[in-house]
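Student: Give me a 3D structure for the following:
(chains A and B)
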Amino acid sequence: MDDQRRRDDVIARELNRAFRTTAAAAADESHLDAEAAAAWMDRRLDASAAQSIEAHLAACAECQALVATLARISPAPEEEAAAGAGGWSWWRRPWLVPAAAAAALAIVVWVSQAQRPAPAPQPESTQTRVEEKSPHLLEAEEFERTPKARSFQDQAGTAPGGAAQPPGRPSEQRRVASTPVAADQELQAVAAAQPAPTAADRAANEATGRAAEQPALDAPASTKATVGGATPAPAPPAAAPPAATRQESSASAAPRVFRETARVAGNLRAADLLVVAADGTSRWRRAGMSIEFAAGATAIFAAATLPLDAGVLTAGSSPAGTVCWLVGRAGAVLTTTDGLRFARVNPPAAIDLVSVAATDARSATVTAIDGRRFHTADQGATWTPQ
Amino acid sequence: MAVWQLDASAAERLHRDAKAAHWGVSIDTLARAIERGVRHVFGDDPPEPMRLDRHLKSLRLEELALACACAEGRDEAWEHFIREYRPGLYRAAAAIDPSGGARDLADALYGELFGLAQRDGTRRSHLEYFHGRSSLATWLRAVLAQRHVDRTRAVRRAAPLPEDESPAALAAPGPSQPPEHARFVGLLRTALAAALDRLDPRGRLRLACYYAQGLTLAQIGRTLGEHEATVSRQLARTRMALREDVERQLREAGLNDAAIGECFAAVSADPGPLDLADLLQPDEGKNPVGGRSRL
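Tutor: Sure thing, here's the model as predicted:
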């Protein structure tokens, strides 16, 4: 085993040298332009175009540098939503500060008078039901109990100081947990926050078999650490809703794969999102930072137009046909009537929204993370607290 | 051959969807911008109706309308752009170089976005190159990133080579190596190159993002649409698969287990520079990309 670990170290070192040596070499004459790189990063391309670009990127150091720079300067979805890029300016408006303070005060007063914790969001429609744990959460917990967790930690690599990363990397921004226990908690948070594997992941898993279940080969197993650069999910607040909500079509015949799993943790880190129309005619799913739409159970998904990145979205509801409502962080509410073009509507409040139940294109009820519910009957022009 | 044009009804519908009237952008102006984008993607030949429809549906029309309005120099649109997008541009510049070294790139880009006076007196804004295929914010960051990469590369090319007698130009004296050392190193590196060539594009890109570009796991995850734990796991699996592939090749080359171990030991002990410039060069035909402006 030690011998295998040493050999993996050699491979990692050689990879580091090989890639860095060839990084300066130009691959060929053709390269991505900024627009193509941006469209690829935004997941706005159809599958064939995206694969074409990915194949080019895999072989072209010059374009890798472009995409890598873009990745470095692109904010995480949470940061982008908070920064208010491209249409979130209401979040930064000065009048919002006293308004938010007043709203917070009102919540405190209301909670203290009620003498009970704010109610967690409850199922609101046939499309939404709350479960104790999603299959993925169970998988993550099971993962942590098995030797695979050990393997995961070791595969993540243990750098001096305790930060974990795949080995062979000379330098990377590292965040070191203060104690082994904290590091372990962070590792568990990362593992628990891992979304269900994508089709690409599944293909890769099949290609590599069960290699990852073997004990670690390339790092000392004595130090517990977190994945490099990972942002752990903080503990959910007391009033937060259950750990996971799952939405699925009311049509009992709808396959399980059509279910939506939205994780509601302290930072509302989004997991997979899949919404199926109540009549089963349409589907929407999150693909990276985009939402894709398919009309019909066997139709091909096509990218929908969103006024924001899909990473901030937490839940959705489709009463029928191509009508769909999506909600997300910081009061984000989006609607579409043709399935493809989502438009933002007036937010009910500057608060994270965790579920939505729509009855038609004009009427819906959304639930905030603090349990408040708001109803609209005019497609979001006005909201009424409930 | 006649240049492809958007038909009037589609132009009107897209203009309505883009809410372009809000910025005072005419149907014709928006249609010309969309046509430029279509030609950019599909070339001058008329695209297939289905592909065209998919392309049009994927466009960020509202942001394209804003870009058109800014390119035309409409004040209200510029105020909106300055309020909503310029801070992001400067944040991106600060992320490239926290010491402020990239601020001039952002300033220059902003100037080009505002528009440069041409000889005929008309103003050409760089926003005319935005075709709505991505969000405007991502496009701005991509243009900035492109300029940063170009400048870095130009600086690197302009850097003088070390003097012949400088320490940097002198090869480090290597320790005496066993006679088989060079052969073992060559065998392993050749096998590794072959194993890398067999990797699928995503696996290779993941490795390149990590080892060549130095991205964090989270950044790679955002780039590839994977969770960072998945990235970590896949990196480890790919590396293990590479090692197994290398071992298999060495066995096929007639080496026994002891000799394979010596190969790894030789490479591990080899301090010399590695010139594998052609190791990861794409094969002919591997790259389906036709040209810089065709992706």
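
Student: what residues go with each domain of chain B?
Tutor: B:8-150, B:181-280 (automatic domain parsing).

Student: Oops, could you answer that again for chain A instead?
Tutor: Taken from automatic domain parsing, chain A resolves into A:2-77, A:242-385.

Student: okay if I get the ones you listed as a markdown table plus mean pLDDT and distance to chain B?
Tutor: Heads up, the C-betas are built off the backbone N, CA and C, glycines and all. Putting these into a markdown table (pLDDT from 0 to 100; distance: least, CB to the nearest CB, whole Å) gives the following:
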| stretch | mean pLDDT | distance to chain B |
| --- | --- | --- |
| domain A:2-77 | 81 | 3 |
| domain A:242-385 | 74 | 4 |
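
Student: Indicate which one of the ones you listed is closest to B:Glu63.
Tutor: domain A:242-385 (8.5 Å; CB to CB).

Student: about what we covered before: of the domains of chain A, which approaches B:Thr152 most closely?
Tutor: Closest to B:Thr152 of the domains of chain A, according to CB to CB: domain A:2-77, at 7.9 Å.

Student: Buried residues of the longest helix along chain A, list them for me.
Tutor: Criterion DSSP state H: the longest helix present in chain A is helix A:2-23. Within helix A:2-23, the residues scored as buried using 16 or more other CB atoms under 10 Å in any protein chain shown are A:4-23.

Student: list the contacts for the spatially closest residue to B:Ser268 that is not a sequence neighbour?
Tutor: Sequence neighbours aside, A:Val10 is the residue nearest to B:Ser268 in space, at 5.0 Å (criterion: CB to CB, 6 or more residues apart in numbering or on different chains). By CB atoms under 8 Å, 6 or more residues apart in numbering or on different chains, the residues touching A:Val10 are B:Leu188, B:Phe264, B:Val267, B:Ser268.

Student: most surrounded residue in the residues you listed?
Tutor: B:Leu188 (28 neighbours; other CB atoms under 10 Å in any protein chain shown).

Student: so what secondary structure elements neighbour the host helix or strand of A:Thr367?
Tutor: According to DSSP states H and E, A:Thr367 maps onto strand A:364-368. Packing partners of strand A:364-368 (3 or more CB pairs under 8 Å, 6 or more residues apart in numbering or on different chains; DSSP states H and E): strand A:324-328, strand A:353-358, strand A:373-376.

Student: got the contact list for the first one?
Tutor: So the one you mean is strand A:324-328. A:81, A:270, A:275, A:277, A:282, A:284, A:291, A:308, A:312-318, A:332-336, A:339, A:342, A:352-356, A:358, A:364, A:366.

Student: ChimeraX command for the buried members of the residues you listed?
Tutor: Buried subset of the contacts of strand A:324-328, written as a ChimeraX selection, criterion 16+ other CB under 10 Å:
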select /A:81,270,275,277,282,284,291,308,312,313,314,315,316,317,318,332,333,334,335,336,339,342,352,353,354,355,356,358,364,366
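
Student: among the contacts of strand A:324-328, which are in strands?
Tutor: Secondary structure from DSSP state E places A:275, A:282, A:284, A:291, A:313-317, A:333-336, A:353-356, A:358, A:364, A:366 of those in strands.

Student: could you pull out the strands for chain B?
Tutor: B:116-117, B:123-124.

Student: which stretch in these is the model least sure about?
Tutor: Averaged per stretch, pLDDT over these is lowest on strand B:116-117, reaching a mean of 62.

Student: if we can go back for a sec, to B:Ser135, which of the helices and strands packed on strand A:364-368 lies closest?
Tutor: strand A:324-328 (15.7 Å).

Student: Taking strand A:313-317 as reference, get the angle to the closest one.
Tutor: For strand A:324-328 against strand A:313-317, the angle by axes from the mean of the first three to the mean of the last three CA atoms, to 10 degrees is 150 degrees.

Student: Give me the sheet partners of strand A:324-328 and which way each runs.
Tutor: Strand A:324-328 sits in its sheet next to strand A:313-317 (antiparallel), strand A:333-336 (antiparallel), going by DSSP bridges.

Student: Now do it against strand A:353-358, angle only.
Tutor: Using the same axes, to 10 degrees: strand A:324-328 against strand A:353-358 is 170 degrees.

Student: sorry, back to before: B:Glu48: which of the domains of chain A is closest?
Tutor: Of the domains of chain A, nearest to B:Glu48 by CB to CB is domain A:2-77, at 12.2 Å.

Student: measure A:Ser355 to B:Val185 for me?
Tutor: 60 Å (CB to CB, to the nearest Å).

Student: and if you look at A:Ala36?
Tutor: According to CB to CB, A:Ala36 and B:Val185 sit 39 Å apart.

Student: Have a look at the two and say which one is more surrounded.
Tutor: More neighbours surround A:Ala36 than the other of A:Ala36 and B:Val185, with 27 against 20 (other CB under 10 Å).

Student: close enough to count as contact, the more buried one and A:His56?
Tutor: No: applying CB atoms under 8 Å, one finds A:Ala36 not in contact with A:His56, separated by 9.3 Å.

Student: Can you report how many residues neighbour the closest residue in space to B:Arg198 that isn't next to it in sequence?
Tutor: Leaving out its chain neighbours, the residue that sits closest to B:Arg198 by CB to CB, 6+ apart is B:Asp245, at 6.9 Å. Residues within reach of B:Asp245, counting by other CB under 10 Å, total 18.

Student: for A:Trp110, same thing?
Tutor: Count around A:Trp110 with other CB under 10 Å applied: 12.

Student: I'd like the average pLDDT over the helix or strand containing it.
Tutor: Assignment of secondary structure by DSSP H and E places A:Trp110 within helix A:96-114. Helix A:96-114 shows a mean pLDDT of 69.

Student: By mean pLDDT, which helix or strand of chain B comes out lowest?
Tutor: strand B:116-117 (a mean of 62; mean pLDDT, DSSP states H and E).

Student: All the helices of chain B, in order from the start?
Tutor: Going by DSSP H, chain B shows helices at B:8-17, B:27-42, B:49-58, B:61-71, B:75-84, B:86-96, B:103-114, B:136-158, B:181-197, B:201-207, B:217-224, B:228-252, B:257-269.

Student: May I see those organised as CSV, with mean pLDDT added?
Tutor: As requested, these are exported to CSV (pLDDT from 0 to 100):
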stretch, mean pLDDT
helix B:8-17, 94
helix B:27-42, 92
helix B:49-58, 90
helix B:61-71, 94
helix B:75-84, 91
helix B:86-96, 89
helix B:103-114, 86
helix B:136-158, 87
helix B:181-197, 88
helix B:201-207, 93
helix B:217-224, 91
helix B:228-252, 92
helix B:257-269, 86
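
Student: tell me the pLDDT at residue 178?
Tutor: Just so you know, I chose chain A. Looking at A:Ser178, its pLDDT reads 34.

Student: not quite, I wanted chain B
Tutor: 71.

Student: cool, and A:Thr226?
Tutor: Reading off the model, A:Thr226 has pLDDT 30.

Student: Also the one 3 residues further on?
Tutor: According to the per-residue confidence, A:Gly229 scores 34 in pLDDT.

Student: Give me the neighbour count for B:Leu242.
Tutor: Neighbours around B:Leu242, by other CB under 10 Å: 23.

Student: give me every residue that touches the residue lying closest to it once chain neighbours are set aside.
Tutor: Excluding the flanking residues, the one nearest B:Leu242 by CB to CB, 6+ apart is B:Ala195, at 4.8 Å. B:Ala195 makes contact with B:Ala241, B:Leu242, B:Asp245, B:Val246, B:Gln249, according to CB under 8 Å, 6+ apart.
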